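Enquirer: Curious how this folds, go ahead:
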Amino acid sequence: ALPFLGGRVKEGAARAPVGRPGERFVSPVSLPKLPGRYYFLFGAPIATGGVDARDKAACAALYSQVQRELEEALQYLLSKRDADPYQEVLPRVAVEASWN
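Expert: Below is the predicted model of the structure:
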């Protein structure tokens, strides 16, 4: 570990609240994930004007249609993400750097 980090952690632990006698609370340390690529898909508009909000059957059918189309779009995007050779930052940066 980095030398300066050890001292800071020790000082922080000394200032930490005591949960039980003889114990100190030390919060977990996490590192953020490097940003990945974002995947978007804009589907066809879904007409909602002809649906009466009081008609439960029509609302259920519309909800079912929206849910089905959304699930299909998500499956498509997940498959494209899994097949993307430049999903991770480092390979993508290397390729983009070669483009000048």
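Enquirer: Hmm, residue 73 is touching residue 40, no?
Expert: No - Residue 73 lies out of contact with residue 40 (CB atoms under 8 Å); the separation is 9.7 Å. C-betas here are computed from N, CA, C, even on glycine.
Enquirer: For this protein, give me the ranges with low pLDDT.
Expert: 1-4, 24-27 (pLDDT under 70).
Enquirer: Against residue 40, how distant is residue 68?
Expert: Residue 68 sits 19 Å away from residue 40, going by CB to CB, to the nearest Å.
Enquirer: What of residue 55?
Expert: From residue 55 to residue 40 the distance is 32 Å (CB to CB).
Enquirer: Mind checking which of those two has more residues around it?
Expert: Using other CB atoms under 10 Å, the more surrounded residue of residue 55 and residue 40 is residue 55, with 11 against 6.
Enquirer: does residue 65 really touch residue 46, like I thought?
Expert: Yes - between residue 65 and residue 46 a contact is recorded at 6.6 Å, counting by CB under 8 Å.
Enquirer: who touches both of the two?
Expert: With contacts taken as CB atoms under 8 Å, 6 or more residues apart in numbering, not a single residue reaches both residue 65 and residue 46.
Enquirer: Surely residue 81 is in contact with residue 39?
Expert: Yes - when contacts are counted by CB under 8 Å, residue 81 is listed as touching residue 39 (5.4 Å).
Enquirer: Would you state the helices of the chain in chain order?
Expert: Taking DSSP state H, the helices of the chain run over residues 3-15, 56-83, 89-98.
Enquirer: wait, which of those is closest to residue 32?
Expert: Nearest of these to residue 32, taken as CB to CB: helix 89-98 at 12.1 Å.
Enquirer: how about that closest one: buried residues?
Expert: Buried positions in helix 89-98, judged by neighbour count with 16 or more other CB atoms under 10 Å: none.
Enquirer: and the residue lying closest to residue 41 once chain neighbours are set aside, how many neighbours?
Expert: Spatially, and ignoring its direct neighbours in sequence, residue 41 is nearest to residue 73 (4.9 Å; CB to CB, 6 or more residues apart in numbering). By other CB under 10 Å, 14 other residues sit near residue 73.
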